[in-house]
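J.: Give me coordinates for this.
(2 chains)
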Amino acid sequence: MKEFDYIVVGSGCAGLSASLELAVNNRKVLLIEQHNIPGGCATGFVRGRFEFDPSLHELCGVGSEENPGFVREMFDKYGVDIEWNEVTDCFRVISTYSDGTPMDVTMPAGKEAFIDKMEYYVPGSKPSVNKFFDLIQNIEDGLAYISGDEIKVSEIIKRYVPMLRSGGYTTSVVLDALDMPQKAKDILSVYWSYLGVDMEKMSFLHYASMVNSYVKLSAYFPMHTSHEISVKMVERLRELGGTVMMGCRAEKFIFEGDKCVGVETNLGTFKAKFGVLANINPDIVHGKMIPDNLVPKREKKLSAARDRKIGGRMFTAYFGLNKTAEELGIKDYSIFFVGSSDSVKEYNSLKRISTNNYVIMLCYNIHNKGFSPEGTSVVSFTTMFTSSHDFNVLEETEYFKLKNMMAERFINILKDKAGIDISDAIEEVTVASPYTFARYLNAPEGGVYGFETTQWDGVIPRTIEMTMGLDYKIKHLYTIGTSGVRGDGYSSGYADGQILADRALVQFEKEGE
Amino acid sequence: MSLEFKVKTLGGDLKRFVGLITDRERAIRKAPEKEINPTFAINENAKLLHPDYQKMIIADIIDHSGAESKTFVFKKADGSKAAYFRAGQYVSVLLKIGSSLVTRPYSICSSPNEALEGIVKITVRDVKDGFAAPYMLENFKIGDTVYISGPEGTFYYEPLRDAENVVAIAGGSGITPFLSMANAIKDGTEDFDLTILFGSRTVDNILFKKELDEIASECSKVKVVHVLSNEKKKGFENGFINAELIKKYAPEGKYSIFICGPEAMYRFAQKEIEKLDIEPKFVRRELLGVTKDVSSLPGYPEQAVGKVFEIKVIIGENEYSVQGKAEETILTAIERAGIPAPSRCRSGECGWCRSKLVSGTAYIPAENDSGRRFTDKEFNYIHPCASFPTSDIIIEVPGSFMQ
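T.: Residues are numbered from 1 along each chain as shown, chains lettered A, B, ... in the order given. Just a heads-up that it's a prediction; the model follows:
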């Protein structure tokens, strides 16, 4: 039996970046994946003459070659070469303002352009929106500074007081304190669904980092679905001497004393010299994959405090259309159709099928003409459920009807609110429900966002906890992924895998551990 | 730095910032220390819809002697529901024949509603020089255990895509998905108009004649037209299912055409349909499997004809050496050696068998290569069920969960 330095279980975004981070540091890595394709959500599937991306709308943190973000830098470091398409607009949103008047705005990427466009839609908003961007810049710089090696309190007090004064609050409190006109706040609130919690629960620091990244660096998506990213990462891992096993499902982690030394799978038992990184939700790892007596008290309490509150159960319909975007009158890459500007109300309406009224339409062909065969286009619609309520009991006989009903609802929203009718052009259609995501990801409730990043369980408190070493009491076993320090999203997943791999390189390889 | 920001007093704001740490600690501290429950209802439901496999008992066998076929009635071994499906979908049946471990896809001929009773039926027709079908027809007996997959495939009626009227073109045992659809329409699970043009050789040869005629007489949404190729008889159409015949029975306005039958029938029907000026999206066909005569296909490398190649199969840490004939798929070679490998559609489409071709070359018929993802093609991931070895090869195959 071969011995590996590290075993990474699960090839989701975090599993892939963790594997590569370890491999570029010359460690012998075994990456196992229960499916026959890598990537978790970051994959692709084929129907007829179309290839669909099941989950990626746009990836933040990529940036241009001249002004790269951390994702591009990470991929450059690993030697993974992705063909990126830039998304030049942040979003178009069709909704209603808080005062009940209709909203239909398109916000461009780029800070100056974004601020000017906001002034155009909401005259008088410029000073407060300017201040908003100054504040999120201060936060970005401040977070970078406190993540650095040399931290001086005097420097923090001199430069980053705005970060300290805003950082403890929720997004809605900070936007109120900025004296921003309500309509501008309404427009800015659109992004809440990307993080899966409403503006009154969402940490401003988390929100600020995201907006900064999308607006400043704009967003990107790969040329050939996110399967391109995942396969290229796997292939690079092989080149770097890593071993990859597909169709390999981890059943249990194995221990010597209290130290994790490997993993038991359907293809046999594999051992790791230094440790294991599991791209699996911590409740599953701690609940059934390790002996109960090795589960730290703190993990049990953390799990109880989280109380199984899963963020982001997606419901997505994918359409292969036999007409071009132009022929169908689709001009936007993404349109957010939102019932209202009240994120709390919207969050609550997303608990149930009957009230769900929030959907994001996406047309990849707008920024990638070759995404589908000539004369065709691909459109997808995604909504999210903030509760498992309607899915806890499976009504088999209603299941396929539900899929069709939701897909039809999406088509009608596009027709009624944007005047675009795709109903006669549907050549392929597939609908993915939370069950579908649960099937392919095995993530709790099919959630793609891990545990909800509410205030106390937000990205910043999670990061601080890790830095202070309060967590991770299981020796030589880390869980990574969307419930980790960086929260949800592709780029967060890549970041999380890299951060924890770097941490493992130090912690797991300490003398005497 | 001119930026000033405040919510409350400086002290109040900073306290909130510190609260980022203390709030978390407080939330964790005050939570109870209890066992973690790793089970979630949505995930359990997902497994019911998409099980790794279903363990079935053969509850009954129906002999369609005139049609050289048998219907096997499978019942869930533990008495639970079988995975619910869409009429038209198939299951993959796992078979151990001698030292071979093979799968075969069969359309489910029973109604989705019967799955709720734990029942899944398939119909197997005898195939000359076949391997799995003769084995099942000869050896399967009531009480035997059989492992089948969950429901698979996309050959079903989709109201958002298809016309409200469907003309089905069926040949021989290709009737089975349409029998399931007809049953589903009759019991209200599906709602569309189905006109089945069913090609058989002779009247005695018609599979499910009684069942089909009964459904048609009881349900106004289902029509069945029997087309006999080898017999002229009153009340039956004669010849092959051609454009003229489709036009004769097709409804007014838009309609979809669904095809399921033997390869020869499909090739004939395809040419006939071209004469009808139907939008391509309204024509759908069930998968065909792969050709038995690969060397006749365009682009096939001549030097490979008749050869036997060395195939090194890697699954996890295990390595196997097997012999692969040029005219057989790589999957067939793996199965003959009794190596458990994942597969479902056996037509190159579903991607269940997706494997990494580490070295060597393979020939993939164009008609079986629509299911591979763009990047898979770039990095030599192939579907062994529809790939033929053209040199010695090394291939990495995923583990299987079918047992």
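J.: and B:Glu252, how many neighbours does it have?
T.: B:Glu252 has 6 neighbouring residues, counting by other CB atoms under 10 Å in any protein chain shown. From N, CA and C alone the C-beta is placed, and that goes for glycine too.
J.: which SSE is it in?
T.: Taking DSSP states H and E as the definition, one finds B:Glu252 inside no helix or strand.
J.: Need the pLDDT of it.
T.: With respect to pLDDT, B:Glu252 scores 91.
J.: phi, psi of it?
T.: phi -60, psi 150 (degrees, to the nearest 10).
J.: Now do it against chain A, distance only.
T.: 18 Å (CB to the nearest CB, to the nearest Å).
J.: Please, where are all the strands along the stretch 151-300 of chain B?
T.: Remark: strands assigned in the stretch 151-300 of chain B by DSSP state E, counting those that start in this stretch are B:165-171, B:193-200, B:222-228, B:237-238, B:256-260, B:283-285.
J.: And the last one, what's buried?
T.: Applying a neighbour-count criterion of 16 or more other CB atoms under 10 Å in any protein chain shown, one finds B:Val283, B:Arg284, B:Arg285 buried in strand B:283-285.
J.: quick one: strands adjacent to it?
T.: strand B:256-260 (parallel) (DSSP bridges).
J.: now do the second one
T.: Applying DSSP bridges, strand B:193-200 is found paired with strand B:165-171 (parallel), strand B:222-228 (parallel).
J.: contacts for the first one?
T.: Strand B:165-171 has contacts (CB atoms under 8 Å, 6 or more residues apart in numbering or on different chains) with B:157, B:178, B:181, B:192-200, B:241, B:246, B:249-251, B:253-262, B:265, B:269.
J.: List, one by one, the residues from the stretch 301-403 of chain B near chain A.
T.: B:315-318, B:342, B:349, B:351-355, B:370-376, B:378-379, B:381, B:396-401 (CB under 8 Å from any CB of the partner chain).
J.: if we go to 10 Å?
T.: For the stretch 301-403 of chain B, the contact set with chain A under CB under 10 Å from any CB of the partner chain comprises B:314-318, B:340-342, B:349-356, B:358, B:370-381, B:396-401.
J.: what's near enough to touch the closest residue to B:Ala337 other than its chain neighbours?
T.: Distances taken as CB to CB, 6 or more residues apart in numbering or on different chains put B:Val322 closest to B:Ala337, at 4.2 Å, once the chain neighbours are dropped. Counting by CB atoms under 10 Å, 6 or more residues apart in numbering or on different chains, B:Val322 makes contact with B:309-313, B:330, B:332-339, B:395.
J.: Please indicate which of those are buried?
T.: B:309, B:311-313, B:330, B:332-337, B:339, B:395.
J.: okay, and for chain B, where does confidence drop off?
T.: B:1, B:403 (pLDDT under 70).
J.: does any part of the helix or strand hosting A:Tyr440 sit near chain B?
T.: In this assignment (DSSP H and E), A:Tyr440 forms part of helix A:434-441. Yes - under the criterion of CB under 10 Å from any CB, chain B is reached by helix A:434-441 at A:Pro434, A:Tyr435, A:Thr436, A:Phe437, A:Ala438, A:Arg439, A:Tyr440, A:Leu441.
J.: To A:Leu31, which of the strands of the stretch 151-300 of chain B lies closest?
T.: Across these, A:Leu31 has its closest neighbour in strand B:283-285 (37.9 Å, CB to CB).
J.: Whichever helix or strand comes after that closest one: how far from the chain's middle?
T.: Next helix or strand after strand B:283-285 toward the C-terminus (DSSP H and E): strand B:308-315. How far strand B:308-315 lies from its chain's middle: 26 Å, per CA atoms, centre = their mean, to the nearest Å.
J.: again, but for stretch B:218-231
T.: 25 Å.
J.: What residues sit buried inside the helix ranked longest in chain A?
T.: Scanning chain A for the helix with the most residues, using DSSP state H, yields helix A:396-418. Within helix A:396-418, the residues scored as buried using 16+ other CB under 10 Å are A:396, A:399-400, A:402-404, A:406-407, A:409-411, A:413-414, A:417-418.
J.: So in that sheet, which strands flank whichever helix or strand comes after that helix, and in what orientation?
T.: Downstream of helix A:396-418, the next assigned helix or strand under DSSP H and E is strand A:426-432. Here strand A:426-432 has these sheet partners by DSSP bridges: strand A:313-321 (antiparallel).
J.: now the helix or strand that the strand it pairs with is followed by: mean pLDDT?
T.: Using DSSP H and E, the next helix or strand after strand A:313-321 towards the C-terminus is helix A:325-328. Here helix A:325-328 scores 98 as its mean pLDDT.
J.: and the helix or strand of chain A with the lowest mean pLDDT, how far out from the chain's middle?
T.: Lowest on mean pLDDT, DSSP states H and E among the helices and strands of chain A sits helix A:192-195, with a mean of 82. Mean-position distance between helix A:192-195 and its chain equals 9 Å (CA atoms, centre = their mean).
J.: which one of the buried residues of helix A:396-418 is nearest chain B?
T.: Nearest to chain B out of those is A:Glu396 (CB to the nearest CB; 3.7 Å).
J.: Could you pull up the residues touching residue 333?
T.: By default, I'm working from chain A. A:57-58, A:85, A:87-92, A:219, A:221, A:325, A:361-368.
J.: wait, chain B
T.: Per CB under 10 Å, 6+ apart, neighbours of B:Ala333: B:308-309, B:311, B:313, B:322-325, B:339, B:384, B:388-389, B:393, B:395.
J.: what number of residues lie near the residue nearest to A:Cys248 when sequence neighbours are not counted?
T.: Spatial nearest neighbour of A:Cys248, excluding adjacent residues (CB to CB, 6+ apart): A:Ile32 at 4.0 Å. The number of residues packed near A:Ile32 is 26, by other CB under 10 Å.
J.: in its sheet, what does the helix or strand encompassing A:Ile32 sit against?
T.: Assigned by DSSP H and E, A:Ile32 falls within strand A:29-33. In the sheet, strand A:29-33 lines up against strand A:3-9 (parallel), strand A:243-246 (parallel) (DSSP bridges).
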